[in-house]
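S.K.: here are the coordinates; sequence isn't available:
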């Protein structure tokens, strides 16, 4: 394209039309900034802002209190001996896989639950690792069981002639919001002397989760997905700070004695870390058991409202224990088959009602999140779904 | 630390006291947000904001026009056949090194100028590459010559028994702001059939730079350092989009046919890319030759003002062609030796005058940047330096 002043205007002052809507997109509900984070964003938005205060090691900056956050608050929150801030959960996973792969001989592999997010697979792939998945799971519950991991590890050993470098479990998975029995999976993995990585992209920052209590060795979380931070930003923890896992992950450069190789020296170096910190008090509060319980109840209320119409089937664990909800909707699908607008009718109906988050064109199967949406808005959304079904004579 | 409400308040509403000052820190002058970027920051600050509009591939989002930006505007601007947005220049370099290393056999290495930034070294190290540096350069000019690369490549071939995977040149280097003869270095490297990577963290977004015209194969830039964007964000370009280099760098996942492995599927997924886009029209404008020439003249004016005091020695190319300026200051150093405040006197004197950017405790040698500071402010800073020297009877 021509880089003239007039053409370039297209990149500026773009409005985000989803802003005025109730957003039930699973990617968005946990990443909405708090007021404190919005203030941090404005104050610390310029390029490399925090580097004004850096003596050479980003996570040791005392003022603003990044050191206190990274080395005290975050490990306490994650239940780990050490923690770091990264550019995202996937970057955390890659750093962990890569640090394990570089000290291992030959071709290696990781065992993962079959509901793993694509970014886990790509992170392993980039680190040169093959993947052995647990067996495919089926409707209606799509349940991953601890025994699936025994099976997968055994299959991996048969195929590769050695144990996996690490076991990864997605908690919850990103499709059904199922919470697997991590403690038991960790125990199984440890019986093979294999460390366990918990992908908490949809748990860390939403619900109580503690690496030590669950018995996992690594934990990763997503700042933009679940910690009310401006992305890209993630977190990463190692349960035992003195372990060989921690030593490899946080290994210093041969060229610069203070810079960590897997973090490329520095990671989140501006607004993302400041917004993550600014939202952290609220994150601590919202993940307390009594507050998370309210979110679970809200999710269960929403599922029940939809199921009561007879036009929605909820897949996943029951009673449901997470805000991520996967639905099949025969009613919406029927409408899409007979209306002139076809499969786009739902997007347009919801847009009119200022509800955002179901991907354009989807009607039969979709996932949504109720996190932080609030009972009043959830009632409104459930009413809206009913109204749409009634409008087209489905109920 | 205890995660109680009261303790956690320390992470919120933190003021950035450098904000009201004239900032001459090389890390900061090119990353200051434009007004358009500030508006984008507020509009698109929430977590994963742009993902509301994503059909599965971040850089193919049509509205906001990310596809137009990444696949048309950016390649045109960089002079490359293909480009991507990344989490930073160092992440770009790692992706390039890693993509080259994964298809090469055995132990490999990269040839780098001896003034390379630590992040280049750490990126190579993380990719498992050894480094052969060009010879150490000396004062006053610290000049890297094309012949240094011939020497280093030959030394690499002698030591490793094979040619390097890639040659990297820092343009300009981050200490002296020297601009090496890249075209000639690229030619030399190509004679050995070795591709060339230009680290433009301090050029892309500040001055005219075009990969194709310079004859390099890869180019990387920093959004937060030099493109007026909220970090972490960087850019990466490959000159020949059909080359095997591009194929390896942009290789798709075996697990997900639309996701690129070296980018872990998605990179900059929120405010950073939106601020980068919002500032881009201003970036195009400020890098036009006539505007960059004014910056060079401002830098030369500033150097002359300081040299005229007899208390500053400027190191680096002369006449200087970049806003990065390395200075030795016998005057400030003398003061630090005799004043009670010692080496912290300069920081305090400058703070009082609302000038920020020389690292606390430095007096003898330091680097600054004049980029975008403006003639009026530069006169003020030069006057302030003189006033401080006079106050302590150095001139």
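M.R.: Structure received. Not measured: the values here are computed from a predicted model.

S.K.: which strands and helices sit next to the top helix by length along chain A?
M.R.: In chain A, ranked by residue count with DSSP state H as the criterion, the top helix is helix A:289-308. On a contact count with 3 or more CB pairs under 8 Å, 6 or more residues apart in numbering or on different chains; DSSP states H and E, helix A:289-308 meets helix A:271-286, strand A:313-315, strand A:324-328, helix A:375-391. Where C-beta positions appear, they are placed from N, C-alpha and C, glycine not excepted.

S.K.: buried deepest among these, which one?
M.R.: For these, ranked by mean neighbour count under the definition mean count of other CB atoms under 10 Å in any protein chain shown, the leader is helix A:271-286 at a mean of 26.

S.K.: next one: that helix to chain centre, how far?
M.R.: Centroid separation between helix A:271-286 and its chain, computed with CA atoms, centre = their mean, to the nearest Å, is 16 Å.

S.K.: does chain B have contacts with it?
M.R.: Yes. Applying CB under 8 Å from any CB of the partner chain, one finds helix A:271-286 in contact with chain B at A:271-272, A:274-275, A:277-278, A:280-281, A:284-285.

S.K.: OK, contacts around residue A:260?
M.R.: When contacts are counted by CB atoms under 8 Å, 6 or more residues apart in numbering or on different chains, residue A:260 touches A:84, A:250-253.

S.K.: recalculate using a threshold of 10 Å.
M.R.: By CB atoms under 10 Å, 6 or more residues apart in numbering or on different chains, the contact set of residue A:260 is A:57-59, A:84, A:95, A:249-253, A:266-267, B:122, B:126.

S.K.: list just the nearest of those to residue B:173.
M.R.: Comparing the contacts of residue A:260 against residue B:173 with CB to CB places residue B:122 closest, at 16.4 Å.

S.K.: what's the burial count for that closest one?
M.R.: A total of 26 residues lie near residue B:122 under the criterion other CB atoms under 10 Å in any protein chain shown.

S.K.: show the pLDDT at the residue nearest the centre of chain A.
M.R.: When CA atoms, centre = their mean is applied to chain A, the residue found nearest the centroid is residue A:201 (2.2 Å). pLDDT, the model's per-residue confidence, is 98 for residue A:201.

S.K.: distance check, it against chain B.
M.R.: Applying CB to the nearest CB, to the nearest Å, the value for residue A:201 to chain B is 11 Å.

S.K.: number of nearby residues for residue A:319?
M.R.: Count around residue A:319 with other CB under 10 Å applied: 10.

S.K.: so who does it touch?
M.R.: A:296-297, A:299-300, A:303-304.

S.K.: could I get those residues as TSV with pLDDT and neighbour count?
M.R.: Converted to TSV, the contacts of residue A:319 look like this (pLDDT from 0 to 100; neighbours: other CB atoms under 10 Å in any protein chain shown):
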residue	pLDDT	neighbour count
A:296	98	16
A:297	98	13
A:299	98	25
A:300	98	17
A:303	98	20
A:304	98	13
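
S.K.: may I see those arranged in TSV, with distance to residue B:223 as well?
M.R.: Compiled in TSV, the contacts of residue A:319 are given as follows (distance: CB to CB, whole Å):
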residue	distance to residue B:223
A:296	40
A:297	42
A:299	38
A:300	43
A:303	42
A:304	46
